[in-house]
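Q: My questions concern the predicted model and sequence given below.
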Amino acid sequence: MLTNSIGLFFISFLSSTLLLPFVKKFGINNQIIDSLNARKLKDIKLVRTGGLSIISGFVISIFFILFTYQDIDIKTLMTIFLGGFFYFLIGLFDDMKSTSPYLRLFLQFFIATILWFSGIRVYEINLDFMGFGNFVFPQILSLSLTIIWISAVINAINWFDGLDGLAAGTTSIICLALFVISFSIQNVLMIYLLAALTGSCFGFLRYNTFPSRILMGDCGSYFLGFNLAILSMLASSSTNLNTNFAFGVIFLLIPLLDMIYVIFSRLKKGASPYFPDMSHLHHRLMNTGLSHKNTVIMILSILHIYNCLILLFIFKIKLIQIVFISLFLSLIYFALKITKRISKYTI
């Protein structure tokens, strides 16, 4: 199983990386380019279609899973894939046409409702690790929480995508922690999906670390947000039916808290929650004098340490496994730095 997941990681990594030049050309040809303003902390206009390479690497791995491995839940796999694909389309349409945030929110709610009826839902909150037992949600509350949860995580990751490599790095670190949990309980489907998603993110990061040469856009952040919302609940279950809402909140706490802070900050000013400003965590850290690059490194380091503590004290994961994950992240970081210097003028 470990060998298979490593194979899927490299398939998605290579697919995402190799497709990036074509994705960038597509964005240029269709004028899908980000605007410049002080809030976005950019000096040059960048193509915002990088999410296409992320989902492409993931899709190639999905097909590989379907045609190679038999011991998986195909229904759940396809439901997650289709859900992610439709959220990706919402983001891509916004990247191309700049749609109303309220229309996007309505579409997010609509797809989440369909997913609930398809069996992807917030099922229970299990607080056994705190000694409080578990609570299975009534149907109407389950539906409401599913809609709110998926939409909240999607927007949290979308809003977190404010600096080079921040959203993709955040997703990669959380996915690696979830991978360790899934591997410890032998949830085969989650192991494969998390390996594929992590590989796609790392492949994209080769061109998205500071200074980035391409952005993931809303299509990428919506796709990653949806997958994190679902996989964070399923990874801790030995089946693909019981979703634990508590663990999803725990792993995504940092981007969620950032989103909540920003919403209340904007409401306090009398502005719309969707009115962009510079109140995000990364903006506030940079206002203290930290550089763009060091701000990203600090946030991702804090996130990794936080995840390690979760693995160690809540899931009782062995310290050696946590050390291995830390070494793996360090290896990837230096590999990305080296290959980025070598391929400076690739795209």
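A: Structure's in. What do you need? Small disclaimer: the values here were computed from a predicted structure and weren't measured. Numbering: from 1, shown residues only.

Q: so what's residue 341 scoring on pLDDT?
A: For residue 341, the model assigns a pLDDT of 67.

Q: what's the answer for the one 3 residues further on, then?
A: Confidence per residue is given as pLDDT, and for residue 344 that number is 57.

Q: what's the answer for residue 72, then?
A: 84.

Q: What of the one 4 residues further on?
A: According to the per-residue confidence, residue 76 scores 91 in pLDDT.

Q: Test my guess that it contacts residue 189.
A: Yes: if you go by CB atoms under 8 Å, residue 76 and residue 189 touch, sitting 6.3 Å apart. For every residue, glycine as well, the C-beta is placed using N, CA and C.

Q: Excluding chain neighbours, what is closest to residue 295?
A: In space, not counting the residues next to it along the chain, residue 295 is nearest to residue 285; the distance is 4.7 Å by CB to CB, 6 or more residues apart in numbering.

Q: What is the neighbour count of residue 272?
A: Neighbour count of residue 272, defined by other CB atoms under 10 Å: 12.

Q: oh sorry, the question was meant for residue 117
A: Residues near residue 117, counting by other CB under 10 Å: 10.

Q: Distance of it relative to residue 138?
A: Here the distance between residue 117 and residue 138 works out to 16 Å (CB to CB, to the nearest Å).

Q: Also residue 229?
A: Counting by CB to CB - residue 229 and residue 138 are separated by 21 Å.

Q: For the two, work out which one has more neighbours and name it.
A: A side-by-side neighbour count of residue 229 and residue 138, using other CB under 10 Å, places residue 229 first with 28 against 9.

Q: so where does that one fall, helix or strand?
A: Secondary structure assigned from DSSP states H and E places residue 229 in helix 217-234.

Q: Against which helices or strands is whichever helix or strand comes after that helix packed?
A: Tracing the chain past helix 217-234, the next element assigned as helix or strand by DSSP H and E is helix 245-251. For helix 245-251, the packing partners by 3 or more CB pairs under 8 Å, 6 or more residues apart in numbering; DSSP states H and E come out as strand 124-126, helix 139-160, helix 166-185, helix 217-234, helix 292-313.

Q: Any buried residues in the next helix or strand after helix 245-251, and which?
A: Per DSSP H and E, the first helix or strand lying C-terminal to helix 245-251 is helix 253-268. By neighbour count on 16 or more other CB atoms under 10 Å, the buried set for helix 253-268 is 254-256, 258-259, 262-263, 266.

Q: Pretty sure residue 228 sits against residue 157.
A: Yes: with contacts counted by CB under 8 Å, residue 228 reaches residue 157, the gap being 6.4 Å.

Q: the more surrounded of these two?
A: Under the neighbour definition other CB under 10 Å, residue 228 and residue 157 were set side by side, and residue 157 has more, 30 against 25.

Q: where's that one relative to residue 87, distance?
A: For residue 157, the distance to residue 87 (CB to CB) stands at 11 Å.

Q: Overlap in contacts, the two.
A: When contacts are counted by CB atoms under 8 Å, 6 or more residues apart in numbering, residue 157 and residue 87 have 222, 225 as shared neighbours.

Q: that older thread, packing partners for the helix holding residue 229?
A: Here helix 217-234 is seen to pack against helix 51-68, helix 74-97, helix 139-160, helix 166-185, helix 188-205, helix 245-251 when contacts are counted using 3+ CB pairs under 8 Å, 6+ apart.

Q: what angle do that helix and helix 166-185 make?
A: 20 degrees (axes from the mean of the first three to the mean of the last three CA atoms, to 10 degrees).

Q: Could you list the buried residues of helix 217-234?
A: Those buried within helix 217-234 under the rule 16+ other CB under 10 Å are 217-234.

Q: Is residue 184 in contact with residue 236, as I believe?
A: No: using CB under 8 Å, residue 184 makes no contact with residue 236, being 9.5 Å away.

Q: before we move on, the earlier item: do you know which of the helices and strands packed on helix 217-234 lies nearest residue 316?
A: The stretch from these with the least distance to residue 316 (CB to CB) is helix 166-185; that distance is 8.9 Å.

Q: related to what we said a few turns ago, can you tell me which of the buried residues of helix 253-268 comes closest to residue 303?
A: Distance to residue 303 across these (CB to CB) is lowest for residue 254, with 5.6 Å.

Q: which residue packs closest to that closest one, ignoring adjacent ones?
A: Nearest-residue entry for residue 254: residue 303, 5.6 Å, with adjacent residues in sequence omitted and distances by CB to CB, 6+ apart.

Q: now the one you found: how far from residue 310?
A: As it turns out, when the distance is counted by CB to CB, residue 303 lies 11 Å from residue 310.

Q: try residue 15
A: In this structure, residue 15 and residue 310 are separated by 30 Å, where distance is defined by CB to CB.
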